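Visitor: how would this look folded up:
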Amino acid sequence: MDPIFAFLDDAERAQLQALACDAPRPVDPARTGPHWPMLATPSHDTVSGPGWLYERMLDGERCIAIRSGHELRLNSRTGQRLNQAYPELVEALLKQRCDDFVVDGEVVAFDGPRTSYRRLQQRMRRPAKTCEPGQVAVFLYLFDLPVLLGQDCRRLPQASRKLLLRRAIDFADPLRFTTHREANGADLLREACERGWEGLIAKRADAPYANGRSEDWLELKCEHRQAFVVGGFTEPRGGRPGFGALVVGYYHGDTLVCAGKVGTGFDNQTLHDLRVALGRIECDMPPFEQGPLPVDGLHWVAPELVVEVAFTEWTRDGRLRHPRFLGLRRDKPARAVVREATGKDG
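Guide: Numbering: from 1, shown residues only. Alright, predicted model coming up:
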């Protein structure tokens, strides 16, 4: 019997065998690609019908946990080590009865009932102790299982991998299983937006785990949001510290296109910290080659910092309407930032 079946009862084994197109096979370490996880494709079309699983979109940091015996590594989406930032997650994963796996998930912090990337930033890349007073609590929502007991599970269907994940991991805080629903996608998205969620991730139930971006996973957002590259900033006014607004853009090929200014969503500490970071990369010439450039009190910076911005729509002249700063993005290189489809361009 395949060793991974030990986690399942007879009915679940039969279910897995019925769903699986290919049986799991020994993993090739050179091809596991834990640094390059499966990524969802932004979509403005709400998919519906049988064969789709819908999960809550979480506003956090992607995390791939790789355990082999007593060794455990937490990786960001780009392969940065996260062990020091989230020691309670390391501790919880090392307590698992299963000691050989690769699991995929999202680290989140909460602000009330909503996940908050801004609160999570108080923990990101900073050494922490599990019992530090006043520390922002984090949770790891697991949603996939690419490797189990040395077996490559990526060819198994999505539904099979989630079944194995639920049985292989003992879920108790700070580890949480990412539940899903199978229903009308439009109705579920409407409900998610009414509850104040970021949106949904729609996944094909029969899809394998593919390293890189795939249309088998789709992002269905309630509020348009995406990453932008910072190319400049304006002077503050009226006693505001730091700066007035960020000038942001995106890449179209090798050209950085300006998308306008983002002046809301900052607290005083963020204004101060970002101003220090911007001062280190200030330069004389604008990095933008296209787009509507603002003209008042500008400072230019090298296009290195990436920020997450929420907005209502694109205007006809290529500006963001009602943009709002959400946080820094340390998991995405500037040259990977492009304009994403929203289906609601002005």
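Visitor: any low-confidence regions in the protein?
Guide: Within the chain, the segments meeting pLDDT under 70 span 1-36, 44, 294-296, 342-346.
Visitor: which residues touch the longest helix along it?
Guide: Among the elements of the chain assigned as helix by DSSP state H, the one spanning the most residues is helix 268-280. Residues outside helix 268-280 that contact it (Cβ atoms under 8 Å, 6 or more residues apart in numbering) are 230, 233, 236, 240-243, 246, 266, 299, 301, 305, 325, 328. C-beta coordinates here come from the backbone N, C-alpha and C atoms, glycine included.
Visitor: kindly report the same for stretch 308-317.
Guide: Contacts of stretch 308-317 with the rest of the structure, by Cβ under 8 Å, 6+ apart, involve 117, 223-228, 248, 262, 265, 292, 320-329, 342, 344-346.
Visitor: for that stretch, buried residues please.
Guide: Of the residues in stretch 308-317, those buried by neighbour count under the rule 16 or more other Cβ atoms under 10 Å are Glu308, Val309, Ala310, Phe311, Trp314.
Visitor: going by distance to Leu188, which of these wins?
Guide: The nearest member of the buried residues of stretch 308-317 to Leu188, counting by Cβ to Cβ, is Ala310 at 20.9 Å.
Visitor: am I right that Asp187 is in a helix?
Guide: Yes - under DSSP: H, G, I helix; E, B strand; the rest coil, Asp187 falls within a helix.
Visitor: and Arg126, backbone torsions?
Guide: Recorded main-chain torsions at Arg126 are phi -120, psi 130, according to degrees, to the nearest 10.
Visitor: need the contact list for it.
Guide: Taking Cβ under 8 Å, 6+ apart, we find Arg126 in contact with Gln84, Ala85.
Visitor: one more pass at 7 Å, please.
Guide: For Arg126, the residues meeting the contact criterion (Cβ atoms under 7 Å, 6 or more residues apart in numbering) are Ala85.
Visitor: before we move on, back to that, dump the contacts of helix 268-280 to JSON lines, plus distance to Cys131, neighbour count and secondary structure.
Guide: What follows is the contacts of helix 268-280, written out as JSON lines (distance: Cβ to Cβ, whole Å; neighbours: other Cβ atoms under 10 Å; DSSP: H, G, I helix; E, B strand; the rest coil):
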{"residue": "Val230", "distance to Cys131": "36", "neighbour count": "24", "secondary structure": "strand"}
{"residue": "Phe233", "distance to Cys131": "39", "neighbour count": "26", "secondary structure": "strand"}
{"residue": "Pro236", "distance to Cys131": "39", "neighbour count": "16", "secondary structure": "coil"}
{"residue": "Arg240", "distance to Cys131": "37", "neighbour count": "14", "secondary structure": "coil"}
{"residue": "Pro241", "distance to Cys131": "33", "neighbour count": "12", "secondary structure": "coil"}
{"residue": "Gly242", "distance to Cys131": "33", "neighbour count": "18", "secondary structure": "coil"}
{"residue": "Phe243", "distance to Cys131": "37", "neighbour count": "22", "secondary structure": "coil"}
{"residue": "Leu246", "distance to Cys131": "37", "neighbour count": "26", "secondary structure": "strand"}
{"residue": "Phe266", "distance to Cys131": "31", "neighbour count": "21", "secondary structure": "coil"}
{"residue": "His299", "distance to Cys131": "42", "neighbour count": "16", "secondary structure": "strand"}
{"residue": "Val301", "distance to Cys131": "39", "neighbour count": "22", "secondary structure": "strand"}
{"residue": "Leu305", "distance to Cys131": "33", "neighbour count": "21", "secondary structure": "coil"}
{"residue": "Phe325", "distance to Cys131": "32", "neighbour count": "23", "secondary structure": "strand"}
{"residue": "Leu328", "distance to Cys131": "27", "neighbour count": "20", "secondary structure": "strand"}
